[in-house]
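**Student:** Could you look at this predicted model? Sequence included:
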Amino acid sequence: MSEINNDFIPFAKPLISEEEEQAVLRIMRSGWLTTGSETLAFEKEFSSFVSAPFAFAVNSATSGLHLALEAAGVGQGDTVITSPYTFASTAAVVHHLGAKVVFCDTEVESFNIDPQKLAEILKTTKHCKAVIPVHVGGLPCKMNEIVSLAHQYGCTVIEDAAHAFPVTYNGKYIGTIGDIGVYSFYATKTITTGEGGMVVTASEKIAKRIKTMRLHGIDRDVWNRYTSKGATWYYEVLDAGFKYNLPDILSAIGRVQLKKANDFKTQRTAIAEAYNSAFSAIKGCLLPPGNSAEDHAWHLYSLRILHEAKLSRDELIEALTNAGIGTSVHFIPLHLMPFYAKTYHYKPDDFPNAVKHFNSVVSLPIWHGMNNNQVHRIIETIQTLLQ
Ligand SMILES: Cc1ncc(COP(=O)(O)O)c(C=O)c1O
């Protein structure tokens, strides 16, 4: 039987306090558990936080990306460009709509889509309806170039901001720079509702479509049907919609977490700065991309382990596991996955930068709530292993 290490530092851990517990209890005792006034309040507070005219709470970022693409008019015969350096959801939702994915490699220096390569791909891609930049780990993509290129070709820009809340880019929140932005509140994310997400947009047309398709294609809120004074039993189904709403129990957690989002970010930034200053002295380690620790949401701290390092990336992960430190790898590029390799006949070296990043990267624990002892133990363990 393997020994249980009580000092184990998990790769990720949510920070939930009595305030979130009380908020959930309040909803459980209110008589209304599913989407209602609490979710409306969460949407209002979130839209004001990021300064987006419209915000819709959804039950995951995956649902949010699906709704965003649908609202952008993506369908059979269309193509959507994104990077292979992402999670399964970003590309899977394109397939759900009968469209095709075209991958575009990342930059050499970062895990984000390369605008120069995007320009080349846009020139030759037929029926391209949307571009999905993914802000990997919380580092903003080069949005000015991406938006201007995509709009030149009539494409909607849908930001996959699953990792990127809260962080600004040229004074605007990531998620509000493209046409639609999608955030994730999954258990490991920078604020969490367990499962959940938010879709934001400034377009009234897109907002109307997302609102309708989020809940069965019905033209009015179910909540209004049952609670408003003038409510009637009548409703109309305008399209074959989805069931992607966020219940009030989860929105209650989200409202409390939202209030703490900036404080959480400050804590993660301090951990990133401590890691950066310790690891910059180690030969064979490349720090996470980005110019300044401030310009990053720090959902992930992804260290790159180069060939000249004392241990390989895989050996380091094994040694850290043995030392009671959880890690992960972000990402295994999607073109290496059986489904995409088979469907599109992609070969590993079609996206060399993505593969190079994947082979070198290890994500270290970086969660708000980690204490100084834990941070120092991780730093000292890595120094001992690699120096
Ligand atoms: C880049 C990216 N996009 C989208 C998602 C999907 O998020 P969710 O789990 O909220 O559906 C994830 C999940 O981790 C992700 O990493």
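**Tutor:** It's in. The model shown is predicted, which means the values in this text are computed figures rather than measured ones. Numbers count the residues shown, from 1 in each chain.
**Student:** what residue ranges in this protein score low on pLDDT?
**Tutor:** Low-confidence regions of the chain, defined by pLDDT under 70, span residues 1-6, 221-231.
**Student:** Helices of that one, residue ranges please.
**Tutor:** If DSSP state H is used as the criterion, the helices of the chain fall at 18-28, 37-50, 61-71, 88-96, 115-124, 143-152, 204-214, 222-227, 248-279, 313-322, 338-344, 352-360, 372-386.
**Student:** and the residue lying closest to residue 76 once chain neighbours are set aside, how many neighbours?
**Tutor:** Spatial nearest neighbour of residue 76, excluding adjacent residues (C-beta to C-beta, 6 or more residues apart in numbering): residue 98 at 3.9 Å. Any C-beta I mention is one placed from the backbone N, CA and C, and that applies to glycine too. When neighbours are counted by other C-beta atoms under 10 Å, residue 98 registers 11.
**Student:** Of all the helices of the chain, which one is nearest residue 307?
**Tutor:** helix 352-360 (8.6 Å; C-beta to C-beta).
**Student:** wait, isn't residue 176 in contact with residue 200?
**Tutor:** Yes: the pair residue 176 and residue 200 qualifies as a contact (C-beta atoms under 8 Å) at a distance of 6.0 Å.
**Student:** Need the overlap of contacts for these two.
**Tutor:** By the contact definition C-beta atoms under 8 Å, 6 or more residues apart in numbering, residue 176 and residue 200 are jointly contacted by 50, 52.
**Student:** Looking at those two, which one has more neighbours?
**Tutor:** Using other C-beta under 10 Å, the more surrounded residue of residue 176 and residue 200 is residue 200, with 29 against 22.
**Student:** need the contact list for the residue nearest to residue 76.
**Tutor:** 75, 76, 77.
**Student:** count of residues packed around residue 351?
**Tutor:** 24.
**Student:** so, in contact with the ligand or not, stretch 345-365?
**Tutor:** No: judged by C-beta under 6 Å from any ligand atom, stretch 345-365 stays clear of the ligand, getting no closer than 11.2 Å.
**Student:** how long is that stretch end to end?
**Tutor:** Taking C-alpha to C-alpha, to the nearest Å, stretch 345-365 runs 35 Å from one end to the other.
**Student:** Any buried residues in that stretch, and which?
**Tutor:** 346, 350-351, 353-355, 357-358, 360-365 (16 or more other C-beta atoms under 10 Å).
**Student:** before we move on, what about stretch 141-157?
**Tutor:** 141, 142, 143, 145, 146, 147, 149, 150, 155, 156, 157.
**Student:** Quick check: of those, which lies closest to residue 9?
**Tutor:** Looking across these and measuring by C-beta to C-beta, the closest to residue 9 is residue 141, at 30.0 Å.
**Student:** and the closest one, how far is that from residue 267?
**Tutor:** 24 Å (C-beta to C-beta, to the nearest Å).
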